[in-house]
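Trainee: predicted model and sequence follow; I will ask about them next.
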Amino acid sequence: MVSGSSELAVAVEAMKIGASDYVIKETDGSYLDLLPRTISRVLNHVRLMEDKKRAGERIAEQAQTIQGVLDNMDPGITLFDTDLNLVSYNDRILELFELPEDFLEVGIPLIDILNRMGKNGDFGVEESKEAITTHLDFFKSGEAFALDHERLTGRVIEVRGGPMPGGEFIATYTDITDRIRMEDELRRLATTDPLTGVNNRRRYTETSERELTRCIRYEHPLCVLMLDADHFKAINDTHGHEAGDRVLVALAKACMHELRDVDVFGRFGGEEFTITLHETSIDIAMDVAERLWQLLSEIIVPLDDGSNVTFSVSIGVSQLMNSKETLSDILNRADGALYTAKEGGRNQVVVA
């Protein structure tokens, strides 16, 4: 604004109504030298303000775009500042942890979120405080981490966190429940006999070898039973393979019910099963074999045609003899004892 008045009140009023600068109109015309520089300064200021405005609009647009991307991502996402106060998040996090829609807001501290999850039972009941502290320490460390968080509902949430270049800390939360179940099922299929549901030969061998190593280290006893259904081929030939399958299932089920949870039981192949009894002397192993032999002889397997099938078993028993032995050595002796039982008329228990 250019004015002939030099009163301060006039200049103040001019600035109030929007003037960017105020130039006094001197009678000698000297203000004309000042005017171009003043106008140039004002224009530069206007351009700067417009640039800031456009930059702000671009930032706002980018923020809106980023938030749109976050809201359409399957994992839950949270971004915390250097003080671990919430900067940004998507709604998926609310769904994964069943939090109220109005609970999360920008600025809320991470500890408040963890405490709310604790009240929901996400960290159990007895060790909730310790679990919350552990989770908080992961974020405070400023280092990348990954952990599986199992909720009371049975859902498993994979939590991955890591630092950002500006000092912020970002975390993602992915529901991996279905993946865990699939992995468990694949693991079960890879280690389980599909017909009887007991350990397959590979799983039996791996587990038994670990037990053998432990028993040798601490000089504890270990025994192996090798069990075979007598005249199994005759059952298949007379009643069909389905009847044979039912016999094997009944045999396996009865053994699993009789054995301890710590005993290693597996199908070695065909109608042959193996049992590893760790921390077990040969006398107790013989008692176990006699009980199984008697129990299995009393099983009646019903068939679809109304008839029934009964069967007997032969069992070979061996024990760990010295620290130099392998599982194959013990199994071979049990197999030799089983062969002796078969050659001696079957339906009996023989110790190597």
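Mentor: Everything's here; your move. Numbering: from 1, shown residues only.
Trainee: T192 contacts V198, correct?
Mentor: Yes - the criterion here is Cβ atoms under 8 Å, and T192 meets it with V198 at 7.1 Å. For the C-beta atoms, the positions are set from N, CA and C on the backbone; glycine is no exception.
Trainee: give me the more crowded residue out of these two.
Mentor: Neighbours per residue (other Cβ atoms under 10 Å) separate T192 from V198, with V198 holding more: 22 against 16.
Trainee: list phi and psi for that one.
Mentor: Per-residue torsions, V198: phi -90, psi 180 (degrees, to the nearest 10).
Trainee: now swap in R160 and tell me
Mentor: phi -120, psi 130.
Trainee: can you tell me how far it is from D83?
Mentor: Separation of R160 from D83 (Cβ to Cβ, to the nearest Å): 21 Å.
Trainee: can you check E343 too?
Mentor: 80 Å.
Trainee: tell me the average confidence for stretch 226-238?
Mentor: When pLDDT is averaged along stretch 226-238, the result is 96.
Trainee: can you list the neighbours in contact with that stretch?
Mentor: 243-244, 247-248, 251, 255, 268, 270-275, 292, 309, 311-318, 331, 334-335, 337-338, 342, 346-347 (Cβ atoms under 8 Å, 6 or more residues apart in numbering).
Trainee: now, which of those residues lie within helices?
Mentor: Those of the contacts of stretch 226-238 mapping onto helices are 243-244, 247-248, 251, 255, 292, 331, 334-335, 337-338, 342, per DSSP state H.
Trainee: in ChimeraX, how would I select the buried members of the residues you listed?
Mentor: Entered in ChimeraX, the line below selects the buried ones among the ones in helices among the contacts of stretch 226-238, by 16 or more other Cβ atoms under 10 Å:
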select :243,244,247,248,251,255,292,331,334,335,337,338,342
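Trainee: give me the average confidence score over the strand or helix carrying D283.
Mentor: Secondary-structure element containing D283, defined by DSSP states H and E: helix 282-297. Average pLDDT, helix 282-297: 97.
Trainee: give me the buried positions along that helix.
Mentor: Quick answer for helix 282-297 (16+ other Cβ under 10 Å): I282, A285, M286, V288, A289, L292, W293, L296.
Trainee: same check on stretch 181-193?
Mentor: T192, D193.
Trainee: how far off centre is that stretch?
Mentor: Distance of stretch 181-193 from the chain centroid (Cα atoms, centre = their mean, to the nearest Å) equals 15 Å.
Trainee: then stretch 144-161?
Mentor: Distance, centroid of stretch 144-161 to centroid of chain: 7 Å (Cα atoms, centre = their mean).
Trainee: now the end-to-end length of it.
Mentor: End-to-end distance for stretch 144-161, by Cα to Cα, to the nearest Å: 5 Å.
Trainee: now that stretch: buried residues?
Mentor: Buried residues in stretch 144-161 (16+ other Cβ under 10 Å): H149, R151, R155, V156, I157, E158, V159, G161.
Trainee: out of these, what pair is the most spread apart?
Mentor: Among these, the pair separated by the greatest distance (Cβ to Cβ) is R155 and G161, at 19.0 Å.
Trainee: what's the following helix or strand after the lowest-mean-pLDDT helix or strand in the chain?
Mentor: Here the helix or strand of the chain ranked lowest by mean pLDDT, DSSP states H and E is helix 31-71, holding a mean of 68. Remark: after helix 31-71, the chain's next helix or strand is strand 76-80, criterion DSSP H and E.
Trainee: figure out the helix or strand that V87 lives in.
Mentor: Judged by DSSP H and E, V87 forms part of strand 86-89.
Trainee: please apply the same query to A171.
Mentor: Assigned by DSSP H and E, A171 belongs to strand 169-175.
Trainee: which stretches of the stretch 101-250 of the chain have low pLDDT?
Mentor: 125-127 (pLDDT under 70).
Trainee: the spatially most central residue of the chain: which element?
Mentor: With distances taken as Cα atoms, centre = their mean, D148 lies nearest the centre of the chain, 4.8 Å away. Using DSSP H and E, D148 sits in strand 145-150.
Trainee: what pairs with that strand, and is each one parallel or antiparallel?
Mentor: Using DSSP bridges, the strands paired with strand 145-150 are strand 156-163 (antiparallel).
Trainee: got the angle between the strand it pairs with and strand 76-80?
Mentor: 30 degrees (axes from the mean of the first three to the mean of the last three Cα atoms, to 10 degrees).
Trainee: how much does strand 156-163 deviate in direction from strand 169-175?
Mentor: Going by the same axes, to 10 degrees, strand 156-163 is angled at 160 degrees with respect to strand 169-175.
Trainee: for strand 156-163, what is the distance to the chain centroid?
Mentor: The answer for strand 156-163 is 11 Å, by Cα atoms, centre = their mean.
Trainee: can you list contacts of that strand?
Mentor: So strand 156-163 is contacted by 96-97, 135, 138-139, 142-151, 169-177, 180 (Cβ under 8 Å, 6+ apart).
Trainee: apply 7 Å and report the result again.
Mentor: 96, 138-139, 142, 144-151, 169-177, 180 (Cβ atoms under 7 Å, 6 or more residues apart in numbering).
Trainee: with stretch 14-34 instead?
Mentor: M1, V2, S3, G4, S6, A11, L35, T38, V42, H45.
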